[in-house]
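Chemist: Got a sequence here, can you build the structure:
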Amino acid sequence: MGLLKVIRTWALRDKIPIREIARRAVIARNTIKKYLREGIVEPAFQTPDRPSKLDPYATQLTAWPTTDQRKSRKDVPSL
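Modeler: Numbering: from 1, shown residues only. Coordinates of the predicted model:
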């Protein structure tokens, strides 16, 4: 949950004083007053789907742990 939403919840629903909110959130009282006065809402960023450089190797990477589990402990080289 975002910090701004928590601050608004504490102030409006729980009726916690601004000084106590500042103490809990470790933010200046003036900043908290500004957030409550302006009604700032946290931006909801849409992260675009980006291909990973590991996507072509995904099947091999997921298969390795299962093959290592089947091996005997003595067969696996130690580091």
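
Chemist: Report how many residues lie close to residue 45.
Modeler: Neighbour count of residue 45, defined by other Cβ atoms under 10 Å: 6. All C-beta atoms are positioned from the backbone trio N, CA, C, and that covers glycine.

Chemist: Distance check, it against residue 7.
Modeler: 20 Å (Cβ to Cβ, to the nearest Å).

Chemist: what about this structure, any weak spots by pLDDT?
Modeler: Confidence mapping of the chain against pLDDT under 70 gives the ranges 1, 43-44, 73, 75-79.

Chemist: Please, where are all the helices along it?
Modeler: For the chain, the helices defined by DSSP state H cover 3-8, 18-25, 29-38, 58-70.

Chemist: So what's the gap between the second one and the chain middle?
Modeler: Centroid separation for helix 18-25 versus its chain: 22 Å, with Cα atoms, centre = their mean, to the nearest Å.

Chemist: just the angle between it and helix 29-38, please?
Modeler: 110 degrees (axes from the mean of the first three to the mean of the last three Cα atoms, to 10 degrees).
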